[in-house]
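Chemist: Test case, fold it:
(chains A, B, C, D, E, F, G, H, I and J)
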Protein chains: 10
Amino acid sequence: MPTQPSRKIERVPNPHPERDYEVDLAVPEFTCLCPLTGQPDFATIRIRYVPDQWLVELKSLKLYMWSYRDEGAFHEDVTNRILEDLVEARAPRRIEVVGDWNVRGGIKTVVTARYEQKPA
Amino acid sequence: MPTQPSRKIERVPNPHPERDYEVDLAVPEFTCLCPLTGQPDFATIRIRYVPDQWLVELKSLKLYMWSYRDEGAFHEDVTNRILEDLVEARAPRRIEVVGDWNVRGGIKTVVTARYEQKPA
Amino acid sequence: MPTQPSRKIERVPNPHPERDYEVDLAVPEFTCLCPLTGQPDFATIRIRYVPDQWLVELKSLKLYMWSYRDEGAFHEDVTNRILEDLVEARAPRRIEVVGDWNVRGGIKTVVTARYEQKPA
Amino acid sequence: MPTQPSRKIERVPNPHPERDYEVDLAVPEFTCLCPLTGQPDFATIRIRYVPDQWLVELKSLKLYMWSYRDEGAFHEDVTNRILEDLVEARAPRRIEVVGDWNVRGGIKTVVTARYEQKPA
Amino acid sequence: MPTQPSRKIERVPNPHPERDYEVDLAVPEFTCLCPLTGQPDFATIRIRYVPDQWLVELKSLKLYMWSYRDEGAFHEDVTNRILEDLVEARAPRRIEVVGDWNVRGGIKTVVTARYEQKPA
Amino acid sequence: MPTQPSRKIERVPNPHPERDYEVDLAVPEFTCLCPLTGQPDFATIRIRYVPDQWLVELKSLKLYMWSYRDEGAFHEDVTNRILEDLVEARAPRRIEVVGDWNVRGGIKTVVTARYEQKPA
Amino acid sequence: MPTQPSRKIERVPNPHPERDYEVDLAVPEFTCLCPLTGQPDFATIRIRYVPDQWLVELKSLKLYMWSYRDEGAFHEDVTNRILEDLVEARAPRRIEVVGDWNVRGGIKTVVTARYEQKPA
Amino acid sequence: MPTQPSRKIERVPNPHPERDYEVDLAVPEFTCLCPLTGQPDFATIRIRYVPDQWLVELKSLKLYMWSYRDEGAFHEDVTNRILEDLVEARAPRRIEVVGDWNVRGGIKTVVTARYEQKPA
Amino acid sequence: MPTQPSRKIERVPNPHPERDYEVDLAVPEFTCLCPLTGQPDFATIRIRYVPDQWLVELKSLKLYMWSYRDEGAFHEDVTNRILEDLVEARAPRRIEVVGDWNVRGGIKTVVTARYEQKPA
Amino acid sequence: MPTQPSRKIERVPNPHPERDYEVDLAVPEFTCLCPLTGQPDFATIRIRYVPDQWLVELKSLKLYMWSYRDEGAFHEDVTNRILEDLVEARAPRRIEVVGDWNVRGGIKTVVTARYEQKPA
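Modeler: Okay, here's the model as predicted:
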């Protein structure tokens, strides 16, 4: 039975919450559809975060990325939405999401969004 | 109205059939599905050919590549099928198709198939 | 009917004005004319900005860049003018424009201009 | 008085016609217009030739390349036409012209045409 | 239940035996033990072959590579043995195996072995 | 008699404790097992530290890295554990450990953990 | 009539003195003579400056660089002298000059000097 | 008469002591002996300093580096000793010495030491 | 007393005339003057030859290259003349000379000339 | 007891003499002395050979390379001598030795010598 795309990102307990450390993930195989033309767009998504109590589970992250395959999504919007989904599910101390999109119309676009927990 | 994926490759008359010359096309945005797991696969497809009476029309080539997006396809098979579709439609004098696939299971695969017209 | 060059940059609403994030655009196909010799000059224009209420619309940005094709323009001046046109039309929170010009007379020139909104 | 674009390539006597040797020229600043959309296209043109009695004069080659700036030209056609203009004007013993075009519609195109003098 | 290392390479029918084409596989994660010191050695194994009636099945190739993990093996010998195992199991028309070993004692070693079917 | 893997890192007196200076070590040959699948994982481990009274002895560091070869270890956890073992044994003034892991499931992971002595 | 080398750098009015922006110039074709041996030395000179009221005129900069061709000059001294000549003539707000010299006696030398206007 | 290795670094008056500027020297040909095994070690030594009243004379620096050729020296120690010899002889305002050593036992080592004059 | 530029290339006996072997020399510091404008031109000269009875002496080759510093020379001509001077003085079995010239007028030129002894 | 430099290259039986295969060795840490000036020279030595009955033993190859450390040797001569020593000791079917020497006097030298067994 093949695995299915899913918008839900699973979580794994952080084995070292006593320390700030960075996890840097690169997903070079992101594709969605252009909302204007319906044609495929391609990007590399990079995620750099400092976990709090939870880590991002990698297999579910792959299924999450897959879930955009048939969805129309603007470059700037989808990069921010990935940030928000990761913040909501994992509550990282700090996180940066970069969407590095292939050339369209002779122009290359890279979008970078960041989030940081407010001090208590 | 958005353009649609299509398995039909359009043709354009070769403006210089009096001479053997090479056209080298790189399509870095090919994606299909793994027939075993249903998960997405990604590749760069490179096409190098010597046209006879017809050129490959680029916009239809893009739609042709798009048409594999929801299709299960093995690396070796799809590279050969792209070769055959291009030979059938455009009858090039010589052609080479390279499928350069992303790493799966720690292994990177590149498939290279060639065709050459038989002398009359 | 072919699209026309135009000095007007269209705007798209920023879907995430609640957050500072960066958009990095690279336009490797800029050409204008040297005001002294009338000969073509070539550059890559890079734009990095934090949007406020509006995004730069990419298709109109391409037509904007095209609009310099038959215009005489000094390296330093045109880089600053692109900055000013983007500031005026989109009112970004921060923006940097880089003009990376091809070698002329054995000398390579890169011009970098920046703008930042004054705090209210 | 500014220099003007011109389709005429000047010639310079080959100071060493007694020997086959290669001259390799790279012109990274070629631009013309797409005949279908009217929008600018960009390429690097590379020329490798073995001169017979004449060399290509470099300043006139630059003006020749400039002369395509406002002309509609298909990738495959213009590469062959540059080859033919160079063959006609300079009668080289052997020549190869490569048109290396920027990405359009997610596809990169390189066209390579060759000519060789027939043995007397 | 975890998958196990295995010296047996599975086979898949070649969907295009009517044509000579190349499959190029890179396995950057090969490790075995030095027979003299017992210490780990590391290599990238590259396989380039023209299939006859069978393809190499990739998952079993990965398990095959894994099976050397606890085995003492000299650089030159193991590269030749991988070649022989692939020839025996898959009977390719042509095959080249490259073992690209990490530096030991300030010396880098690359071993390249080839096999070709004898004409019938 | 072959050297054995060992979890104990030997120490060498720092010949220049009077000065803060950095030692940067790269170990490109780290392998352990995935705790979920039992399959091998591969990484490059990089260590950058400012020694206090002791240096890391390189031969024992190599045996230490070797000691993970047959152990199941999550990417994030093992990077932090290497940090802790180095802090415990050598008491460096500052240290950073980077685990740079090979692609798994199309995703590349880099984990970076740091430690700094508290001022007395 | 050929242009002549000259130690005088011409100036062009800065079209945007209302803003701090950077101009980065790279001159990869600098040559002078070693004062000790009389043999030629070669360097790339890089200049990065924020103009005040004047820009450096590029053609005169090229003639200025040419003027060192037959002059004996130590690496450290000539880099500083170029800085001083540019400061004196153009009064930039900030400037950095880098002399990146070719290997001599197995040693590569790079000299970097900076100047900044004192606040009024 | 061949030049001899020497531990003495000659000095040259700094022609521009009125300004802080950097001199960056790369010596890619350093070799000494391992104190434990007696076998040769190899490194690139990089020196970046801000001169005070004196410059490092390059020819004597080469002879200085040569003087380690037959001497046993640990990586961390010799990098610090080169720093100290340069500080003692030239009294630079600031200096950084980097020893970038070749791989030994599968581990690459880079040592970085710095010195800065105390304010008067 | 400084060494002087000289058009004479010294020779050294080939210690292994019994065997065909290649010597590949790269001289990245060639400069001459443009015969039309009098301005400096820069090139890298590469020489690959199979010696017969004599080797090229390197110090005299450097002085030979220096001798073009104040001479007007066309790209194609000077590359051929260097070939001829090397053939005349050293009578190599085979030789190739490449002149790789810096960009002028947006065009890069590489000239390659070859010579081979006629079989006796 | 430290290992000693030695001109004797040990041999290991070729485990696969039934097949022609290549072994490619890179030794980036070769140093000898210039016979004219007595100063150190540095090179990377590359060896590519097809073994007959014997392999080159790597540890003794390292000691062999070490044995040139205090010996005066011309670039062309020493490359040929290494070839001859390897031919004499190991009788390879084919062998190529490349000496890739560091820049001296602004000139880089690469020497390539080859040997092939005569057919029986």
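Chemist: make it CA atoms for all contacts and neighbour counts henceforth
Modeler: Noted.
Chemist: How about the residues of chain A by chain F?
Modeler: Proximity of chain A to chain F is confined to A:15-16, A:20-29, A:58-59, A:62 under the rule CA under 8 Å from any CA of the partner chain.
Chemist: redo that, cut-off 10 Å
Modeler: Within chain A, the positions near chain F by CA under 10 Å from any CA of the partner chain are A:14-16, A:19-29, A:45-50, A:55, A:58-59, A:61-62.
Chemist: so where's chain A uncertain?
Modeler: Within chain A, the stretches with pLDDT under 70 are A:1-2, A:120.
Chemist: Give me the helices and strands touching the longest helix along it, please.
Modeler: Using DSSP state H to define each element, chain A has its longest helix at helix A:75-90. In terms of contacts (3 or more CA pairs under 10 Å, 6 or more residues apart in numbering or on different chains; DSSP states H and E), helix A:75-90 is packed against strand A:11-13, strand A:40-50, strand A:54-56, helix A:58-66, strand A:94-104, strand A:107-116, strand C:21-33.
Chemist: between it and strand A:21-33, how many degrees?
Modeler: 130 degrees (axes from the mean of the first three to the mean of the last three CA atoms, to 10 degrees).
Chemist: circling back: Serialize the helices and strands packed on helix A:75-90 to CSV and add fields for distance to chain I and mean neighbour count.
Modeler: Shown next, in CSV, are these (distance: least, CA to the nearest CA, whole Å; neighbours: other CA atoms under 10 Å in any protein chain shown):
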stretch, distance to chain I, mean neighbour count
strand A:11-13, 56, 14
strand A:40-50, 34, 21
strand A:54-56, 51, 21
helix A:58-66, 44, 19
strand A:94-104, 25, 21
strand A:107-116, 23, 20
strand C:21-33, 13, 21
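Chemist: Relative to residue D:90, which of the ones you listed is closest?
Modeler: Judged by CA to CA, the one of the helices and strands packed on helix A:75-90 that comes nearest to residue D:90 is strand C:21-33, at 29.4 Å.
Chemist: near chain D, anything from the closest one?
Modeler: Yes. Using CA under 10 Å from any CA, we find that strand C:21-33 touches chain D at C:28-31.
Chemist: who's in contact with the residue nearest to residue A:89 when sequence neighbours are not counted?
Modeler: Nearest non-adjacent residue to residue A:89, counting by CA to CA, 6 or more residues apart in numbering or on different chains: residue A:9, 6.9 Å away. Going by CA atoms under 10 Å, 6 or more residues apart in numbering or on different chains, residue A:9 touches A:56-65, A:85-86, A:88-90.
Chemist: Excluding chain neighbours, what is closest to the most centrally placed residue in chain A?
Modeler: By CA atoms, centre = their mean, the mean C-alpha position of chain A lies nearest to residue A:82, the distance being 4.2 Å. Nearest residue to residue A:82, sequence neighbours excluded (CA to CA, 6+ apart): residue A:97, at 7.4 Å.
Chemist: Of the residues of strand C:21-33 next to chain D, which pair is most distant in space?
Modeler: Pairwise distances among the residues of strand C:21-33 next to chain D were taken by CA to CA; the largest, 9.4 Å, belongs to C:28 and C:31.
Chemist: quick one: contacts for residue A:77?
Modeler: Residue A:77 sits next to A:83, A:111, C:14-16 when contact means CA under 10 Å, 6+ apart.
Chemist: ok, now residue A:68?
Modeler: Contacts for residue A:68 (CA under 10 Å, 6+ apart) come out as A:5-7, A:30-33, A:78.
Chemist: Apply 6 Å and report the result again.
Modeler: Counting by CA atoms under 6 Å, 6 or more residues apart in numbering or on different chains, residue A:68 touches residue A:32.
Chemist: and it, what are its phi and psi?
Modeler: Residue A:68 has phi and psi values of phi -90, psi 0 when expressed as degrees, to the nearest 10.
Chemist: Please determine how far residue A:107 is located from residue D:105.
Modeler: Distance of residue A:107 to residue D:105, given as CA to CA, to the nearest Å: 11 Å.
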